[in-house]
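Student: Pasting the sequence and the predicted model now:
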Amino acid sequence: MSTQEVKGKVVLIAGGGKNLGGLLSRDFAAKGAKLAIHYNSESSRADSEKTLAEVQELGAEAFLFQADLTKVDNISRFFDEAVSKFGGIDIAINTVGMVLKKPFAETTEEEYDTMFNVNSKSAYFFLQEAGKKLNDHGKICTIVTSLLAAYTGLYSTYAGAKSSGRAFYKSRFQRIWIKRNFGNSSSARSNGYPFLLWSGNIRGSRLSSICFCIGRINGY
């Protein structure tokens with residue numbers, strides 16, 4: 001998006017405190033957006049406060065919101081706080097994700113449940129909440145990695161949980177656009193995207209991110 005398209009818009013970013021989410025927060029701030037920045041836990045607080053300070057130095061209005069988004073009420077509270085502070089939301093971006101590198105046969109039920117709660121459940125209810133609370137003609141985006149298409153044998157729970165997002169978007173909206181972002185491992189490294197820092201079975205480790213972007217939302 002150009003600066004003209006983003007200036008003055010309200011952008012809500014789940015996982016926006018660090019790594020790829022932090023990069024997006026800074027980029028939108030530089031283009032004149034207002035930001036609602038989520039981070040998950042106390043371990044991310046310092047990085048998220050640093051991101052907040054950086055976006056405010058760029059002149060952006062912004063606030064931090066800490067919560068576990070596997071709890072549906074927390075997703076609702078995040079959207080409600082953004083609406084309360086800024087009067088509405090124009091763009092909602094979900095960067096939340098968790099990776100487990102483990103052979104299929106060794107994955108436990110607890111690990112499976114955790115992976116699907118983080119990568120699938122939170123994505124479903126984030127999309128639901130965005131559909132209810134975004135401004136007319138708003139935009140929704142969720143980000144995953146090309147591990148969805150990488151048959152390594154070690155990321156079954158990540159690939160399974162994240163790929164459900166495709167079905168969620170197709171069910172919720174009539175049109176879907178898929179575009180590639182951060183096209184290789186070097187850009188991912190420079191952006192501090194930790195689960196791309198992997199040298200596994202894909203030659204050259206050329207991993208990219210994939211962004212499912214929804215166009216306009218006319219009402220609900």
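Tutor: Cool, got the structure. Numbering: from 1, shown residues only.

Student: Give me the neighbour count for residue 58.
Tutor: Per other C-beta atoms under 10 Å, the neighbour tally for residue 58 reads 18. In short, each C-beta sits where N, CA and C put it, glycine included.

Student: Please, which helix or strand holds the closest residue to it other than its chain neighbours?
Tutor: Take residue 58 and drop its neighbours on the chain: the residue closest to it by C-beta to C-beta, 6 or more residues apart in numbering is residue 29, 4.3 Å away. Counting by DSSP states H and E, the element that carries residue 29 is helix 19-30.

Student: And the helices in this protein, which stretches?
Tutor: Ranges of helices in the chain, per DSSP state H, are 3-6, 19-30, 45-57, 72-86, 109-116, 122-133, 156-172, 185-190.

Student: same for the helix holding residue 29, what does it pack against?
Tutor: strand 10-14, strand 34-39, helix 45-57, strand 91-94 (3 or more C-beta pairs under 8 Å, 6 or more residues apart in numbering; DSSP states H and E).

Student: Partner strands of the last one and their direction?
Tutor: Strand 91-94 has these partner strands in its sheet, going by DSSP bridges: strand 10-14 (parallel), strand 139-145 (parallel).

Student: orientation of the last one relative to helix 19-30 in degrees?
Tutor: With axes from the mean of the first three to the mean of the last three C-alpha atoms, to 10 degrees as the criterion, the two stretches strand 139-145 and helix 19-30 enclose an angle of 150 degrees.
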